[in-house]
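1. coordinates only, sequence not included:
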């Protein structure tokens with residue numbers, strides 16, 4: 001079902017292998033995969049390589065062997081942070097900040113120094129309203145709740161104007177209506193501006209609703225399955241990848257998000 005060819009792909013993995021230092025087994029061995037333009041949701045069980053694939057796709061990690069190409073540029077040619085950021089905004093699952101500047105000033109700085117060719121005078125105001133950050137503008141990032149921080153980081157990724165946007169579990173701390181609102185806006189932004197967006201989510205219903213394609217990862221190092229979201233996230237494929245009844249996955253996903261939040265609360269407290 002891996003339908004995207006390298007000629008219409010935004011990111012191409014060519015015979016990529018990668019092993020973390022001190023790890024006994026590789027995350028990927030000789031992985032060849034073409035990721036299309038549009039919105040691609042990375043789904044699968046924990047420790048199947050979703051985060052690693054995003055890091056490799058964005059040039060934050062380089063393969064041990066093989067090559068990753070993003071928009072016709074090999075990631076090893078992105079030699080400094082500015083180059084990497086221009087090609088891919090990256091939202092990590094856990095991000096920490098050390099700045100005295102209030103959120104509103106940071107939004108203005110990122111937009112002013114970003115890569116949008118045509119800047120709109122009301123773009124920041126639009127994002128602040130969509131992501132419900134009116135009460136956060138005068139506060140420092142360190143003083144925001146986890147949900148507010150995630151929404152602010154989403155705004156940063158949109159303001160910067162990178163060629164692609166990549167996000168690792170970007171919305172797990174948001175309220176349900178905020179998740180839908182955020183993904184709907186990101187989807188509309190991506191399609192209007194022809195910006196590929198890749199993200200990992202544990203909520204399959206949201207992937208079905210907002211992603212054009214799904215990339216399904218397996219525990220046994222099979223090549224991830226790529227295709228239209230509704231086809232890949234069928235009961236048959238999901239149960240094969242998760243080794244778990246599809247009808248029970250919603251509760252499992254809910255418990256996983258609760259663990260993430262507890263981990264964040266304990267690390268920040």
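-> Here it is on my side, so go on. Keep in mind the model is a prediction, meaning the values are calculated, not measured.
2. Tell me where the stretch 1-150 of the chain has helices.
-> Under the criterion DSSP state H, counting those that start in this stretch, helices of the stretch 1-150 of the chain are mapped to 50-57, 81-87, 103-112, 123-130, 146-160.
3. Read off the pLDDT value for residue 263.
-> Each residue has a pLDDT score; the one for residue 263 is 61.
4. With residue 7 instead?
-> The predicted local distance difference test score for residue 7 is 52.
5. try the one 5 residues further on
-> Looking at residue 12, its pLDDT is 98.
6. can you check residue 260 too?
-> The per-residue pLDDT reported for residue 260 equals 63.
7. Next, the residue positioned nearest the centre of the chain: secondary structure please.
-> The centroid of the chain falls nearest to residue 167 when counting by C-alpha atoms, centre = their mean (1.7 Å). Classification of residue 167 into helix, strand or coil gives strand, according to DSSP: H, G, I helix; E, B strand; the rest coil.
8. Residue 157 is in contact with that one, correct?
-> Yes: in this structure residue 167 lies within contact range of residue 157 using C-beta atoms under 8 Å: 7.0 Å. To be clear about C-beta, it is placed using only N, CA and C from the backbone, and glycine gets the same treatment.
9. Show me the shaky parts of the stretch 101-250 of the chain.
-> Where the stretch 101-250 of the chain drops to pLDDT under 70, the residues are 250.
10. Please repeat the previous calculation with a cut-off of 80.
-> Low-confidence regions of the stretch 101-250 of the chain, defined by pLDDT under 80, span residues 244, 246-250.
11. What segments of it are strands?
-> Remark: strands of the stretch 101-250 of the chain, listed N- to C-terminal, are 164-168, 197-200, 213-216, 225-228; assignment by DSSP state E, counting those that start in this stretch.
12. What residues sit buried inside the second one?
-> Of the residues in strand 197-200, those with enough neighbours to count as buried (16 or more other C-beta atoms under 10 Å) are 197, 198, 199, 200.
13. what's the farthest-apart pair in those?
-> The widest separation within the buried residues of strand 197-200, taken as C-beta to C-beta, falls between 197 and 200 and amounts to 11.6 Å.
14. What is the end-to-end distance of stretch 71-86?
-> Stretch 71-86 has an end-to-end distance of 11 Å (C-alpha to C-alpha, to the nearest Å).
15. circling back to that earlier point, format the buried residues of strand 197-200 as CSV; extra columns: distance to residue 82.
-> Putting the buried residues of strand 197-200 into CSV (distance: C-beta to C-beta, whole Å) gives the following:
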residue, distance to residue 82
197, 21
198, 21
199, 23
200, 25
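16. what sits in contact with each of residue 197 and residue 200?
-> Shared contacts of residue 197 and residue 200 (C-beta atoms under 8 Å, 6 or more residues apart in numbering): residue 167.
17. that older thread, which of the strands of the stretch 101-250 of the chain sits closest to residue 87?
-> It is, among the strands of the stretch 101-250 of the chain and with distance given as C-beta to C-beta, strand 164-168, at 6.5 Å.
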